[in-house]
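Peer 1: Test case, fold it:
(2 chains)
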There are 2 protein chains.
Amino acid sequence: MALIVQKFGGSSVADAARVANVANRVVETARSGNRVVVVVSAQGDTTDDLIEKAAEINPDASKREMDMLLSSGEQISIALLAMAIEKLGHPVVSLTGWQAGFKTNNVYGNARINTIDTERIQAELDRKNIVVVAGFQGLNKYDDITTLGRGGSDTSAVAIAAALHADKCEIYTDVDGVYTADPRIVKDAKKLSEITYDEMLELASLGANVLHNRSVEMAKKYNVKLEVKSSFEKIDGTVVKEVCKMEKMLIRGVTRDNDVARIAVIGVENTPGIAFRIFSALAKENINVDMILQSVGRNGKKDIAFTVTKAHKDETLAVIDGLKEQLNFEEVNCRDNLSKVSIVGAGMVTNPGVAAKMFEALFAADINIHMIATSEIKVSVLINVNNAERAVQVIHDKFNV
Amino acid sequence: MALIVQKFGGSSVADAARVANVANRVVETARSGNRVVVVVSAQGDTTDDLIEKAAEINPDASKREMDMLLSSGEQISIALLAMAIEKLGHPVVSLTGWQAGFKTNNVYGNARINTIDTERIQAELDRKNIVVVAGFQGLNKYDDITTLGRGGSDTSAVAIAAALHADKCEIYTDVDGVYTADPRIVKDAKKLSEITYDEMLELASLGANVLHNRSVEMAKKYNVKLEVKSSFEKIDGTVVKEVCKMEKMLIRGVTRDNDVARIAVIGVENTPGIAFRIFSALAKENINVDMILQSVGRNGKKDIAFTVTKAHKDETLAVIDGLKEQLNFEEVNCRDNLSKVSIVGAGMVTNPGVAAKMFEALFAADINIHMIATSEIKVSVLINVNNAERAVQVIHDKFNV
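Peer 2: Residues are numbered from 1 along each chain as shown, chains lettered A, B, ... in the order given. Purely as a prediction, here's the structure:
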């Protein structure tokens, strides 16, 4: 008898008909001889509606009270899903985050799960219940409700799967799996049957909005077998695991990310400690830096360029400006009409020439490259944003994925 | 430094403006040098909306899951009120029923409070916080959320006031106090400045929809000083306590209740045990009987008449029908176009002639009485429903309250 954790997002339980649909899938899994734990998010727009209500009353409300407010959303959806399962005649019990044993740290609004005390869930499973658990929430050491921040419900599901040593954690979403490129851009994009944790992590951070990185990291750490599936169609999804058979693909996917601003600090002195001073100053302001490029020094001067998200652009420029005397640079320039296009694949590291093949595709399409960054399983280039969709298409064609 | 418990109902926190209004009143009380615990219900129609959602999914949902669902309503309102209080710059913390230490029995949907573990509330008060507590809810021994049923938030407030030995428990409502008669019927009805617990209990059960009996019973048991006040106007309300100065009033109020069905069992044998058989059979079906009248026996036969709520009429007739052979009665008749009009006053017991004065008023108005019931502090009569409003007026006039 397998133990399966299933997670359904907010749009999957947005109305009564969809709740009934989810109940059917869950009960079907249980009646096929599995023990089932279901993690659900708040219904559709509930969270946004609650945020709006709060903003009307106090735009600067404390995060503690926001968590108290928002956690009610999942409490509603677990109760409704449990009722729909009751209607199908299967024993069921709903549990809030604190009832399910989620203990978190004290960071309201963006808490991390410390432990899950699975006693209650285990007892309910032993009573043959389907256990419906509120995602996105837990309890801190003050017995206050906390929420987990972005991607929280995925993380809840993976954490439960890890704590219960579940056989599988199925993440049901609007899409039916992970694709080699965004199907809205590349018509012949293919769904992957398998992908490794590391590849999934790269894809997630490169703009594939399927799984949140936190949940993938946790799945990798505890070796939880993940599957991304469609809430609406009954077809196989994409399995995320440690090792995949590599098939014949060199790369798993092509992505683009338009939320990029490039800052270039031109003509700093070519002395040690420059990079340290820039990036430690940015880290102190909690600004995440993505690609970094340092030119080879010339005439005792060098250039340092890097990318941040557009939301951090102004703050970054202010930080750099504050370092003007220290760094003694000539000028700073900034561009935000760029896109980062990347290829990802664990096969890359053992296949020389993958990056060259990507550059060749871009050259043939007359697309200029502004910056390049590579890792063992990823190559990213910065190009003009108006070339981005075409770049994804020609790279996808070139690799024939 | 006094400790005051304030309770605000759903209509008092129905929207952002009303939440802000409540926050103002609460903070004002705190800044006048009091420690304050606030109990709130779910906003306006939230509970009805949630019930509707549930009905759409499963009209026969379990009471456990209904409680999980409905308790989210108060969780939303405590968070919003706390945010509004934060905005006014006063330290505040919101607590759900389980965080506030409410332990109940296991009757989902209609739970009774067993104990309140006040440790958390006390600690928050010691930290100078205003403590906002979710009414209507608690936790049973399985760590499941329960709700307290009708009048639950009033009961929560009184229970906290009792557990904390609060100096006063203020119940804020749509009306500004307890009146000698319904002001919509009797134009010169007067607001009472004081009323005893027993009088309030009689008035509540006779149709004055100000306080629920459960909360008054609890206030009487633990000697909690209650005050019924207006959420909207800043004027004195009505204080409910053990002993009142009697002023010159013989009676505290006149009420009417149209939700009455009278069943008469005609011509049963005049032998012992008849009343026992009828009323134990009704009790077994959880049918509450109000007024009971047994005629003096004649020719070995007697009549037994009693009243139930209209909702119980058909069920009651079915129970009586099932006793036909045992009781050997001649016929059963039933009327539901009646109204119960009552006078209440603790002064009654020591003032002979109060009942006679009431009957005189009705006689002068040519209103026929079908049934009479009396207690130490109450006289009730059953009359035709189309005479009810006039009866309340002439009795009110007669006693010059």
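
Peer 1: where does the stretch 1-150 of chain A dip in pLDDT?
Peer 2: The model of the stretch 1-150 of chain A has no residue with pLDDT under 70.

Peer 1: what's the domain layout of chain A?
Peer 2: Recorded structural domains for chain A (assignment: automatic domain parsing) are A:3-173, A:261-335.

Peer 1: quick one, which of these is packed in tightest?
Peer 2: Per-stretch averages of neighbours, counted by mean count of other C-beta atoms under 10 Å in any protein chain shown, single out domain A:3-173 among the domains of chain A, with a mean of 22. (Each C-beta comes from the backbone N, C-alpha and C, glycine too.)

Peer 1: where does residue A:229 fall, helix, sheet strand or coil?
Peer 2: Residue A:229 falls in the strand class when you classify it by DSSP: H, G, I helix; E, B strand; the rest coil.

Peer 1: again, but for residue A:7
Peer 2: strand.

Peer 1: returning to that earlier point: any idea which of the domains of chain A gets closest to residue B:101?
Peer 2: Minimum separation from residue B:101 across the domains of chain A (C-beta to C-beta) falls at domain A:3-173, 10.3 Å.

Peer 1: Which of the three states applies to the closest residue to residue A:380 other than its chain neighbours?
Peer 2: Nearest residue to residue A:380, sequence neighbours excluded (C-beta to C-beta, 6 or more residues apart in numbering or on different chains): residue A:342, at 4.1 Å. Put simply, residue A:342 is strand when judged by three-state DSSP.

Peer 1: State the number of residues packed around residue A:342.
Peer 2: 26 (other C-beta atoms under 10 Å in any protein chain shown).

Peer 1: What segments of the stretch 101-250 of chain A are strands?
Peer 2: Assigned by DSSP state E, counting those that start in this stretch, the strands in the stretch 101-250 of chain A fall at A:102-104, A:113-116, A:130-134, A:137-139, A:145-147, A:168-173, A:194-196, A:226-230, A:238-241.

Peer 1: Which one of the ones you listed lies nearest to chain B?
Peer 2: Among these, the nearest to chain B by C-beta to the nearest C-beta is strand A:145-147 (7.8 Å).

Peer 1: And for that closest one, what's in contact with it?
Peer 2: Strand A:145-147 is touched from outside by A:66-68, A:70-71, A:97-98, A:104-111, A:136-140, B:96, with contacts defined as C-beta atoms under 8 Å, 6 or more residues apart in numbering or on different chains.

Peer 1: is residue A:342 in a bridge, and if so with what?
Peer 2: Following DSSP bridges, residue A:342 is listed with bridge partners residue A:255, residue A:380.

Peer 1: Am I right that it is in contact with residue A:202?
Peer 2: Yes. With contact defined as C-beta atoms under 8 Å, residue A:342 counts as touching residue A:202 (7.4 Å).

Peer 1: overlap in contacts of these two?
Peer 2: Counting by C-beta under 8 Å, 6+ apart, the residues touching both residue A:342 and residue A:202 are residue A:378.

Peer 1: Nearest spatial neighbour of residue A:274, chain-adjacent residues omitted?
Peer 2: residue A:268 is the one closest to residue A:274 (C-beta to C-beta, 6+ apart), at 5.3 Å.

Peer 1: Tell me who's in contact with residue A:53.
Peer 2: A:69, B:16, B:76, B:80.

Peer 1: and it, how far is that from residue A:66?
Peer 2: 11 Å (C-beta to C-beta, to the nearest Å).

Peer 1: and the contacts of strand A:145-147, which of them are in helices?
Peer 2: A:66, A:67, A:68, A:70, A:71 (DSSP state H).

Peer 1: out of these, which touch chain B?
Peer 2: A:66, A:68, A:71 (C-beta under 8 Å from any C-beta of the partner chain).

Peer 1: does the second one really touch residue B:77, like I thought?
Peer 2: Read it as residue A:68. No. Using C-beta under 8 Å, residue A:68 is not in contact with residue B:77, being 10.5 Å away.

Peer 1: For the stretch 101-250 of chain A, give the residue positioned nearest to chain B.
Peer 2: Of all residues in the stretch 101-250 of chain A, residue A:143 sits closest to chain B, at 6.1 Å by C-beta to the nearest C-beta.

Peer 1: who touches the residue nearest the centre of chain A in this structure?
Peer 2: Nearest to the geometric centre of chain A sits residue A:212, at 1.9 Å (C-alpha atoms, centre = their mean). Going by C-beta under 8 Å, 6+ apart, residue A:212 touches A:150, A:151, A:154, A:155, A:204.

Peer 1: with those in mind, which one is nearest to residue A:118?
Peer 2: residue A:155 (16.0 Å).

Peer 1: Would you confirm that that closest one contacts residue A:213?
Peer 2: No. Look at residue A:155 against residue A:213 with C-beta under 8 Å: they stay out of range, at 9.7 Å.

Peer 1: residue boundaries of the helices in chain A?
Peer 2: A:16-31, A:46-57, A:63-87, A:119-126, A:152-163, A:197-205, A:213-222, A:274-284, A:313-322, A:324-327, A:354-364, A:388-399.

Peer 1: Please save the CA atoms from the second one in CSV.
Peer 2: It stands for helix A:46-57. C-alpha atoms of helix A:46-57 as CSV (Å, rounded to 0.1, in the frame of the first residue of the first chain):
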residue,chain,number,x,y,z
THR,A,46,-9.1,34.4,-1.8
THR,A,47,-5.7,35.4,-0.7
ASP,A,48,-5.7,38.5,-3.0
ASP,A,49,-9.2,39.4,-1.6
LEU,A,50,-8.0,39.2,2.0
ILE,A,51,-4.9,41.3,1.2
GLU,A,52,-7.2,43.9,-0.3
LYS,A,53,-9.4,43.9,2.8
ALA,A,54,-6.4,44.4,5.0
ALA,A,55,-5.0,47.2,2.8
GLU,A,56,-8.3,49.0,3.2
ILE,A,57,-8.0,48.9,7.0
